[in-house]
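Novice: Any chance you could fold what I've pasted below:
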Amino acid sequence: MFVTPCNCHRRDFLAQAGGGFAALAAVALSQLEARAAPIAPAVALDPLNPFAARQPHHRPRATSVIFLFMVGGPSQVDTFDYKPVLQKLDGKPVPDSIKAALEASRHANVFHGCKPELMASPLAFSQHGQSGMWISELWPHVARHVDDLCFIHSLQAESNNHGPASYQLHTGDIRPGNASLGSWVTYGLGTENQDLPGYVALFDAGPLGGAANYSNGFLPAAFQPTRLRDKGTPLLDLTPPDELAGGQRAALDLLQKLNGKHREMRPSHTELEARIVSYELAYRMQSAALDVGDLGRETAITQRDYGLEHEDKRTVSFARKCLLARRLVERGVRFIQVYDMPDKDGWDAHGKLKENHVPRARWTDQPIAALLADLKQRGLLDTTLVIWASEFGRTPMMQGDNGRQHNAAGFTIWLAGGGVRPQRIGATDDIGLMAVERPLPFKDLHATILAALGLAHEQLYFEISGRQQRLTGVAGSAKVIEGVLA
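Specialist: Alright, predicted model coming up:
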């Protein structure tokens with residue numbers, strides 16, 4: 001008779017072994033079932049009121065965001081990242097040690113299209129504030145607020161091309177089709193003012209890459225932004241003709257009733273829910289939007305401080321956007337995206353950098369400084385996170401006729417208000433080419449912005465085909481930037 005090493009009969013051994021295999025199979029099946037089980041939604045939405053204010057995950061420092069996006073890539077070494085060594089090495093090649101470090105990184109392509117020699121900044125820098133921060137002559141107004149700003153000098157993008165880098169800063173991914181930061185924020189928190197959109201975009205010409213930068217992507221359609229105009233009626237066709245105004249409420253009620261019945265048979269169509277909500281919001285906005293867009297109600301001093309009386313019409317245009325952003329925040333709007341793009345070029349100075357950057361700084365410097373001062377004077381800066389950023393910076397090497405190439409290897413942004421601690425974080429090398437101290441990806445910046453608003457970035461997700469999609473990517477891959485928030 002066959003005897004097993006455990007001194008039991010063969011049939012007993014096989015029975016025990018079979019039981020073990022069955023147990024293993026049961027464990028595997030339970031794991032598969034757990035993976036297939038419905039995931040609890042991150043956000044419980046009322047389809048008829050998707051912008052209802054929701055509780056954050058933890059105590060927020062900020063309740064609103066104003067994102068000032070400088071389209072095209074301002075040069076960090078000509079704005080906020082002063083490099084004395086670069087000034088000394090004007091016309092000389094990139095130092096071998098810096099070149100070798102960059103070529104060994106994933107950012108080696110920043111050398112493409114550049115001349116081999118360095119180009120010193122054609123703009124003068126000086127120190128400002130108690131911090132002694134070096135600021136370019138481009139920013140005389142913003143420089144007065146330097147002690148309220150948190151500079152991050154070591155941000156890195158994954159792409160050296162405008163569209164993908166811009167998508168990544170807005171949505172967390174270099175590919176189009178994902179949800180923007182503003183959509184994520186309003187999805188997570190709703191908004192405090194039910195008579196105005198929760199997410200507003202202000203621009204003349206939008207960012208490079210188009211609407212995919214600021215769209216709702218895969219999030220419910222209700223969380224797409226509303227574009228407001230800074231001049232004239234904020235929304236075209238906002239008010240009905242006089243002969244139709246009297247019956248507007250009754251007509252809308254009938255339409256909502258019919259749409260409601262249609263939706264009951266199609267519960268998964270979020271676009272229909274968004275349409276129903278948009279009709280009602282449009283009705284409520286008829287007075288609220290007209291009021292918020294009436295910049296003439298501001299004092300003459302306020303209008304002058306922002307630059308509404310400036311001789312340069314493009315300064316006036318951006319000033320109006322910044323002032324409208326403050327008025328929206330004042331009324332509880334959650335997220336305002338402001339673009340400075342008045343033409344097709346932006347800050348994309350492949351040649352004649354000074355001729356490109358000087359007017360663009362003039363168009364934005366005074367309005368941004370006035371926005372910071374106005375928010376602070378009204379007690380709103382403590383709860384409003386202001387972000388100044390672009391998709392990447394520019395190289396210290398020359399390109400073309402005294403221009404600079406795109407540079408995703410290391411560049412500067414700044415934040416203010418909303419619980420942010422004024423300071424300097426990170427650093428690029430001696431010539432401003434690559435981040436060498438605390439290099440930071442966009443996903444860490446996103447995690448930090450969400451944290452300021454009281455949102456835990458890994459708990460904010462939207463399920464698509466059984467997969468949790470997040471602004472910050474796969475769980476565990478992003479972290480809040482240490483030290484930014486007080």
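Novice: what about the stretch 101-250 of the chain, any weak spots by pLDDT?
Specialist: For the stretch 101-250 of the chain, the stretches flagged by pLDDT under 70 are 236-250.
Novice: change it to 90
Specialist: 193-196, 205-206, 221-222, 229-250 (pLDDT under 90).
Novice: Same question for the stretch 251-400 of the chain.
Specialist: Within the stretch 251-400 of the chain, the segments meeting pLDDT under 90 span 251-291, 293, 341-345.
Novice: hey, where'd the helices end up in it?
Specialist: Assignment of helices within the stretch 251-400 of the chain using DSSP state H, counting those that start in this stretch yields the ranges 270-292, 300-306, 313-330, 353-377.
Novice: Need those helices in TSV (columns: distance to Lys479).
Specialist: (C-beta placed from N, C-alpha, C; glycine too.) Output for those, formatted as TSV (distance: least, C-beta to C-beta, whole Å):
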stretch	distance to Lys479
helix 270-292	31
helix 300-306	37
helix 313-330	28
helix 353-377	28
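Novice: Mean neighbour count and distance to Pro197 added to those, as JSON lines?
Specialist: Converted to JSON lines, the helices of the stretch 251-400 of the chain look like this (neighbours: other C-beta atoms under 10 Å; distance: least, C-beta to C-beta, whole Å):
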{"stretch": "helix 270-292", "mean neighbour count": "17", "distance to Pro197": "7"}
{"stretch": "helix 300-306", "mean neighbour count": "17", "distance to Pro197": "22"}
{"stretch": "helix 313-330", "mean neighbour count": "22", "distance to Pro197": "9"}
{"stretch": "helix 353-377", "mean neighbour count": "21", "distance to Pro197": "20"}
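Novice: So Ser64 is in contact with Arg327, correct?
Specialist: No. The pair Ser64 / Arg327 is not scored as a contact, 11.8 Å apart, by C-beta atoms under 8 Å.
Novice: beta partners for Arg394?
Specialist: Taking DSSP bridges as the rule, Arg394 bridges to His406.
Novice: That one contacts Ala408, correct?
Specialist: No. Checked against C-beta under 8 Å, the pair Arg394 and Ala408 is beyond contact range at 10.2 Å.
Novice: Show me which of these two is the more surrounded one.
Specialist: Arg394 (29 against 25; other C-beta atoms under 10 Å).
Novice: Name all residues that make contact with the more buried one.
Specialist: Arg394 is in contact with 73-78, 349, 353, 404-407, 411, counting by C-beta atoms under 8 Å, 6 or more residues apart in numbering.
Novice: what about 10 Å?
Specialist: Arg394 is in contact with 72-79, 110, 347-350, 353, 357, 403-407, 411, 432, counting by C-beta atoms under 10 Å, 6 or more residues apart in numbering.
Novice: now Gly473
Specialist: Counting by C-beta under 10 Å, 6+ apart, Gly473 has contacts 172-173, 441-443, 446-447, 457-458.
Novice: Give me the buried subset of the residues you listed.
Specialist: 172-173, 441-443, 446-447, 457-458 (16 or more other C-beta atoms under 10 Å).
Novice: closest to Ser97 among the residues you listed?
Specialist: Set against Ser97, the nearest of these by C-beta to C-beta is Pro441 (24.0 Å).
Novice: Excluding residues flanking it in the chain, which one is nearest that closest one?
Specialist: Distances taken as C-beta to C-beta, 6 or more residues apart in numbering put Gln156 closest to Pro441, at 6.0 Å, once the chain neighbours are dropped.
Novice: From what I see, that neighbour and Leu440 are in contact.
Specialist: Yes. If you go by C-beta atoms under 10 Å, Gln156 and Leu440 touch, sitting 6.6 Å apart.
Novice: rewinding a little: got the contacts of Gly473 as TSV, with secondary structure and distance to Leu208 columns?
Specialist: What follows is those, written out as TSV (DSSP: H, G, I helix; E, B strand; the rest coil; distance: C-beta to C-beta, whole Å):
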residue	secondary structure	distance to Leu208
Gly172	coil	17
Asp173	coil	16
Pro441	strand	20
Phe442	helix	16
Lys443	helix	21
His446	helix	20
Ala447	helix	25
His457	coil	26
Glu458	coil	30
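Novice: Break down the stretch 1-150 of the chain into its helices, ranges please.
Specialist: Assigned by DSSP H, counting those that start in this stretch, the stretch 1-150 of the chain shows helices spanning 10-36, 84-88, 96-103.
Novice: what's next to the second one, contact-wise?
Specialist: Applying C-beta under 10 Å, 6+ apart, the set of residues contacting helix 84-88 from outside is 77-78, 92, 95, 98, 118-121, 125, 134, 396, 429-433.
Novice: Any figure for the gap between Gly410 and Gly403?
Specialist: Gly410 sits 19 Å away from Gly403, going by C-beta to C-beta, to the nearest Å.
Novice: Neighbour count: the two, which is higher?
Specialist: Ranked by neighbour count (other C-beta under 10 Å), Gly410 and Gly403 place Gly410 first, with 29 against 22.
Novice: OK, contacts around the closest residue to the more buried one other than its chain neighbours?
Specialist: In space, and not counting its chain neighbours, Gly410 is closest to Ala435: 3.5 Å by C-beta to C-beta, 6+ apart. By C-beta under 10 Å, 6+ apart, the residues touching Ala435 are 105, 107, 152-156, 408-412, 426-429.
Novice: try Glu103
Specialist: Under the criterion of C-beta under 10 Å, 6+ apart, the neighbours of Glu103 are 109-111.
Novice: And the residues you listed, which is closest to Leu228?
Specialist: Proximity of the contacts of Glu103 to Leu228 (C-beta to C-beta) peaks at Val110, which lies at 36.7 Å.
Novice: returning to what we had before: now go through the contacts of Ala435 and say which are in strands.
Specialist: Among the contacts of Ala435, the ones falling in strands (DSSP state E) are 152-156, 411-412, 427-428.
Novice: And the furthest pair within those?
Specialist: Gln156 and Ala427 (12.6 Å).
Novice: what is in contact with these two at once?
Specialist: Both Gln156 and Ala427 are contacted by 410, 435, 439, under the criterion C-beta under 10 Å, 6+ apart.
Novice: got the buried residues for stretch 386-402?
Specialist: Neighbour-count burial for stretch 386-402, counted by 16+ other C-beta under 10 Å, picks out 386-399.
Novice: gap between the two ends of stretch 393-404?
Specialist: From the first residue to the last, stretch 393-404 extends over 9 Å; the measure is C-alpha to C-alpha, to the nearest Å.
Novice: And for stretch 172-192?
Specialist: Length of stretch 172-192, first residue to last, C-alpha to C-alpha: 26 Å.
Novice: can you give me how far that stretch is from the chain middle?
Specialist: Centroid displacement of stretch 172-192 relative to its chain, using C-alpha atoms, centre = their mean, to the nearest Å, is 8 Å.
Novice: Would you indicate which residues of it are buried?
Specialist: Going by 16+ other C-beta under 10 Å, stretch 172-192 has these buried residues: 172-174, 176, 178-192.
Novice: ditto for stretch 445-456
Specialist: Residues 445-455 are the ones in stretch 445-456 that count as buried (16+ other C-beta under 10 Å).
Novice: and of the helices of the stretch 251-400 of the chain, who's closest to Phe218?
Specialist: Within these, the stretch nearest Phe218 is helix 270-292; the backing value is 10.1 Å (C-beta to C-beta).
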